[in-house]
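S.K.: What would the 3D arrangement of this be:
(2 chains)
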Amino acid sequence: MALNTDFIGRKFPPSPPYEVSRVKIREFADAIGDQNPIYRDPEAAKAAGHPDVIAPPTFPIVISLGGDALADPELGLNYAMVVHGEQRFEYVRPVVAGDVLTCEASISDIRKAGGNHLLKLVTEVKDAQGELVVTSYNTIVERGA
Amino acid sequence: MAATVKYDEVEVGTEIPARSFPVKRLNLVMYAGASGDFNIIHWDEKFATSVGLPDVIAHGMFTMAQGGRFVTDWAGDPGAVLDYGVRFTGMVPVPHDTGNVIEISGVVEEKLEDGKVVVGLTARESGGQKVLGQAKAVVRLA
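M.R.: Next up is the predicted model:
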């Protein structure tokens, strides 16, 4: 199924605010097998110069997977055929427990590559003050049937 | 931002010793729950093979996270990572009985200004296939 190229350049409305909890950070750290105390112990995080526990570098994927932006049936994405092609995070600062984050996603490109389709999603993750925390660049691949 | 590795103590070509990160089905279930990525190809073998995959495959982001661990454990502070990007060049099949093992090694590829270095990563699954390409992290060292 071809992806709808009308979606190139489409900007999606900001996501509902997401409050980052210590528990969620610990759950994520457990899931990736990372025992670093900076993800678990506020005192260890403070000793390293952070205001509270921080999240692992790949944590922002939890809120920048695309979600609603990719769920629009008009886009024509077949999720069962989707694999992740590329991912990059550009950090202004680490995500910290207590952050209230909002994602502003836009589709920067959709194109064919061999039998597959590539979709590039750029997501700006901002804090409650509207300051940029991290930008996520996500390329997903819809494998050709 | 308290990295423990010192900028002055690394050179272009400094190698970061390889480490192995085992991955079992349980890890994928935990990762699905923690990340919110419930794509069926990561936990249902019957479904995965029905859409042409060799087996259940690991989330690309799980592999990327192991690369992140590799870098942050080396640097000493996860907050020192300024940029981290990868291409997912190969799949990590996770068979029911044996699972898989992701082996990651790294090298300092470039020294930038301001205490920053570029670390290049190589990641292979136990079948020998490279699973990450152009995997690089920019880290601010002490």
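S.K.: pretty sure residue B:48 is touching residue B:39, no?
M.R.: No - counting by C-beta atoms under 8 Å, residue B:48 stays clear of residue B:39, with 9.6 Å between them. C-beta here means a position set from N, CA and C on the backbone, and glycine is covered the same way.
S.K.: Contacts for the lengthiest strand in chain A, please.
M.R.: Longest strand in chain A, counting residues (DSSP state E): strand A:100-113. Outside strand A:100-113, the residues within contact range by C-beta atoms under 8 Å, 6 or more residues apart in numbering or on different chains are A:3-5, A:7-12, A:14-20, A:63-64, A:66-67, A:69, A:95, A:117-128, A:133, A:141.
S.K.: before we move on, what about stretch B:108-115?
M.R.: B:7, B:10-16, B:117-120, B:136, B:138, B:140-142.
S.K.: same check, this time on stretch B:135-142
M.R.: Under C-beta under 8 Å, 6+ apart, the answer for stretch B:135-142 is A:57, B:1-7, B:10, B:64, B:67-68, B:71, B:75-76, B:80-87, B:109, B:112, B:114-123.
S.K.: okay, it in PDB with CA atoms only?
M.R.: In PDB, the C-alpha atoms belonging to stretch B:135-142 read as follows (Å, rounded to 0.1, in the frame of the first residue of the first chain):
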ATOM      1  CA  ALA B 135      25.800   4.600  15.000                       C
ATOM      2  CA  LYS B 136      27.300   7.600  16.600                       C
ATOM      3  CA  ALA B 137      27.000   9.500  19.900                       C
ATOM      4  CA  VAL B 138      28.400  12.900  20.700                       C
ATOM      5  CA  VAL B 139      29.500  13.000  24.300                       C
ATOM      6  CA  ARG B 140      30.800  15.800  26.400                       C
ATOM      7  CA  LEU B 141      33.700  14.500  28.500                       C
ATOM      8  CA  ALA B 142      35.200  15.900  31.700                       C
END
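S.K.: If you tally nearby residues, what's the number for residue 9?
M.R.: This is for chain A. Neighbour count for residue A:9, taken as other C-beta atoms under 10 Å in any protein chain shown: 11.
S.K.: could you do chain B instead?
M.R.: Count around residue B:9 with other C-beta under 10 Å applied: 9.
S.K.: Phi first, then psi, for it.
M.R.: For residue B:9, the backbone dihedrals (degrees, to the nearest 10) come out as phi -100, psi 0.
S.K.: Quick check: closest non-adjacent residue to residue A:40.
M.R.: Closest residue in space to residue A:40, ignoring its immediate chain neighbours: residue A:26 at 5.4 Å, by C-beta to C-beta, 6 or more residues apart in numbering or on different chains.
S.K.: what about residue 56, neighbour count?
M.R.: You didn't pick a chain, so chain A it is. Counted with other C-beta under 10 Å, the neighbours of residue A:56 add up to 24.
S.K.: actually chain B
M.R.: Around residue B:56 there are 24 other residues, counting by other C-beta under 10 Å.
S.K.: And residue B:140, by the same measure?
M.R.: 18.
S.K.: now residue B:106
M.R.: Around residue B:106 there are 23 residues (other C-beta under 10 Å).
S.K.: Dihedrals phi and psi, the residue of chain A found nearest chain B?
M.R.: Closest residue of chain A to chain B, C-beta to the nearest C-beta: residue A:88 (3.0 Å). Torsion angles at residue A:88 (phi, psi; degrees, to the nearest 10) stand at phi -140, psi 140.
S.K.: mind exporting stretch A:25-43 as PDB, just the C-alpha atoms?
M.R.: Extracted in PDB, the C-alpha atoms of stretch A:25-43 (Å, rounded to 0.1, in the frame of the first residue of the first chain):
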ATOM      1  CA  ILE A  25      12.000   6.200  34.200                       C
ATOM      2  CA  ARG A  26      12.900   3.200  36.500                       C
ATOM      3  CA  GLU A  27      10.500   0.900  34.600                       C
ATOM      4  CA  PHE A  28      12.200   1.900  31.300                       C
ATOM      5  CA  ALA A  29      15.700   1.500  32.800                       C
ATOM      6  CA  ASP A  30      14.700  -2.000  34.000                       C
ATOM      7  CA  ALA A  31      13.300  -2.900  30.600                       C
ATOM      8  CA  ILE A  32      16.600  -2.000  28.900                       C
ATOM      9  CA  GLY A  33      18.600  -3.700  31.800                       C
ATOM     10  CA  ASP A  34      20.400  -0.600  32.900                       C
ATOM     11  CA  GLN A  35      21.100  -0.500  36.600                       C
ATOM     12  CA  ASN A  36      22.700   3.000  36.600                       C
ATOM     13  CA  PRO A  37      21.700   4.700  39.900                       C
ATOM     14  CA  ILE A  38      21.300   8.100  38.100                       C
ATOM     15  CA  TYR A  39      18.000   6.600  36.700                       C
ATOM     16  CA  ARG A  40      16.800   5.400  40.100                       C
ATOM     17  CA  ASP A  41      18.200   7.300  43.000                       C
ATOM     18  CA  PRO A  42      17.500  11.000  43.300                       C
ATOM     19  CA  GLU A  43      20.600  11.400  45.600                       C
END
